[in-house]
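A.B. asks: Sequence below, structure please.
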Amino acid sequence: MTLPPEIDMCDGCRDLAGAWWQHGIADGKSKFGLQEFEFYEHLKDEHPTLRLASLEGCNTCKEAVAMAQFVLPDMAMYRKNGDYVDPAELHFVRHLLERTAELSGKDVGWAAD
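C.D. replies: The predicted structure is shown next:
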């Protein structure tokens, strides 16, 4: 999976990816999730045409898509602006972030496809 050009060239994506790699991994799951959500919001606001879709062969993507269909209304997540957060799209953000090592300026062992 290669990064879409709009992510590759975006300073905001670069900053968010760098924070995810530097702080999210070190601080554990709570910080990880928060930064993934921030990246999700950035993508929705700044790159609205970018399609956040499941990755072929990822079982967790399949589970996230299945779960999204059965989320109870009181368990649904919403952005500050009231937009629904699709759990499958939010999961896909992790795949994008995993591929942003080169954007973060850190050598973390991920190679681009």
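A.B. asks: Pull the contacting residues for Lys80.
C.D. replies: Residues near Lys80 by CB atoms under 8 Å, 6 or more residues apart in numbering: none. Where you see a C-beta, it was placed from the backbone N, CA and C, and this is true even at glycine.
A.B. asks: Name the nearest residue to Asp83, sequence neighbours excluded.
C.D. replies: Computed as CB to CB, 6 or more residues apart in numbering, the closest residue to Asp83 that is not its neighbour in sequence is Lys44, at 7.1 Å.
A.B. asks: residues of the helix or strand hosting the one you found that come out buried?
C.D. replies: Taking DSSP states H and E as the definition, one finds Lys44 inside helix 29-46. Buried residues in helix 29-46, defined by neighbour count with 16 or more other CB atoms under 10 Å: Phe32, Gln35, Glu36, Glu38, Phe39, Tyr40, Glu41, His42, Leu43, Lys44.
A.B. asks: quick check, nearest of those to Met77?
C.D. replies: Nearest to Met77 among those is Tyr40, at 9.9 Å by CB to CB.
A.B. asks: I figured the closest one hits Glu89, correct?
C.D. replies: Yes - using CB atoms under 8 Å, Tyr40 is in contact with Glu89, at 6.9 Å.
A.B. asks: Please identify every residue contacting each of those two.
C.D. replies: Contacts common to Tyr40 and Glu89, judged by CB under 8 Å, 6+ apart, are Leu52.
A.B. asks: Across the sheet, point out what pairs with Tyr84.
C.D. replies: Following DSSP bridges, Tyr84 is listed with bridge partners Tyr78.
A.B. asks: any idea how far it is from Asp45?
C.D. replies: Applying CB to CB, to the nearest Å, the value for Tyr84 to Asp45 is 15 Å.
A.B. asks: Equivalent analysis for Arg51, please.
C.D. replies: Arg51 is 15 Å from Asp45, by CB to CB.
A.B. asks: and if you look at Ala66?
C.D. replies: With distances taken as CB to CB, Ala66 is found 27 Å from Asp45.
A.B. asks: What of Asp8?
C.D. replies: Counting by CB to CB - Asp8 and Asp45 are separated by 18 Å.
A.B. asks: just Thr100 next, same as before
C.D. replies: Distance, Thr100 to Asp45, by CB to CB: 18 Å.
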